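In: sequence? don't have it. structure:
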């Protein structure tokens, strides 16, 4: 379990797959209150044939450290790991907050990003009425209840309750300060007016039943991308674990130029 010290935090990462594999490395970035294991299915598939990197963001999973107040700072942590691994060019795959980080890295370093995959992510944070109310009362309810309410809403109807409880427990293990600071970073995130600068081929994959970041917001973002492919899947917000094989297949086709 390698780690890299970045600004007082030990960031845990995985670096797997053949160094001289098919195509440039894939870099997977997880979302808010999650960890690098959200990508287990995708990493297992791709690491057979190409280099794959994933990490636990600061304060998440097996990484320590306090939260970051901006998405740009979170992107700086990811870039530090990629520079440490001497990865000059890569494909970025980001889920939710991880997609915000991936967009930031692409805008700041377009020459390094060969392709961009955004999963259940948006370019300007706009909450639904229900989510906005939940966040507004977040300081008035017990932290674990707040986390549970958010995570339970993230899955499409019919997803196994026992699995949801596992993810609720894992998310509740993220320190409150990290959860709320990263929430503030997402709330202030807005690159919608800059998307025309991203000429990188982009795949936008979204769950039809996503109530956290509704598909309508993603479609608004898609219109601004000069070179984007959109795929909508019968899933909620946690698409990497709700429909892992379907997501893996979509990413595989995109990075290998299959129709």
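Out: Perfect, I can see it now. Computed from a prediction, not measured in an experiment: that's the story for all the values here.

In: how about the helices in this protein?
Out: For the chain, applying DSSP state H gives helices covering 40-46, 71-84, 97-108, 129-136, 143-153, 161-172, 176-187, 215-224, 239-242, 244-255.

In: a markdown table for those, including distance to residue 23, mean neighbour count and mean pLDDT?
Out: C-betas here are computed from N, CA, C, even on glycine. Output for the helices of the chain, formatted as a markdown table (distance: least, Cβ to Cβ, whole Å; neighbours: other Cβ atoms under 10 Å; pLDDT from 0 to 100):
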| stretch | distance to residue 23 | mean neighbour count | mean pLDDT |
| --- | --- | --- | --- |
| helix 40-46 | 9 | 19 | 98 |
| helix 71-84 | 16 | 19 | 98 |
| helix 97-108 | 17 | 25 | 98 |
| helix 129-136 | 37 | 12 | 61 |
| helix 143-153 | 34 | 18 | 81 |
| helix 161-172 | 31 | 15 | 91 |
| helix 176-187 | 30 | 18 | 90 |
| helix 215-224 | 24 | 17 | 93 |
| helix 239-242 | 20 | 25 | 97 |
| helix 244-255 | 6 | 18 | 97 |
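
In: and those helices: which comes nearest residue 20?
Out: Closest of these to residue 20 is helix 40-46, at 14.7 Å (criterion: Cβ to Cβ).

In: and the closest one, what does it pack against?
Out: In terms of contacts (3 or more Cβ pairs under 8 Å, 6 or more residues apart in numbering; DSSP states H and E), helix 40-46 is packed against strand 26-29, strand 52-55, helix 239-242, helix 244-255.

In: and of these, who's closest to residue 89?
Out: strand 26-29 (10.4 Å).

In: distance to residue 32 added to the helices of the chain, as TSV?
Out: Below are those laid out as TSV (distance: least, Cβ to Cβ, whole Å):
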stretch	distance to residue 32
helix 40-46	18
helix 71-84	10
helix 97-108	4
helix 129-136	12
helix 143-153	9
helix 161-172	8
helix 176-187	6
helix 215-224	16
helix 239-242	13
helix 244-255	18
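
In: which of these sits closest to residue 120?
Out: When the helices of the chain are compared by Cβ to Cβ, helix 239-242 sits nearest residue 120, at 5.4 Å.

In: name the residues that touch the closest one?
Out: For helix 239-242, contacts defined as Cβ atoms under 8 Å, 6 or more residues apart in numbering pick out 38-39, 41-42, 95, 119-120, 155-156, 159, 163, 167, 205-207, 210, 233, 235-236, 247.

In: the helices of the chain: which one's closest to residue 16?
Out: Across those, closest to residue 16 is helix 40-46 (Cβ to Cβ), at 6.5 Å.

In: quick revisit: of all the helices and strands packed on helix 40-46, which one is nearest residue 103?
Out: Comparing the helices and strands packed on helix 40-46 by Cβ to Cβ, strand 26-29 comes nearest, at 10.5 Å.

In: and the closest one, what does it pack onto?
Out: Secondary structure elements in contact with strand 26-29, counted by 3+ Cβ pairs under 8 Å, 6+ apart, are helix 40-46, strand 52-55, helix 71-84, strand 90-95, helix 97-108.
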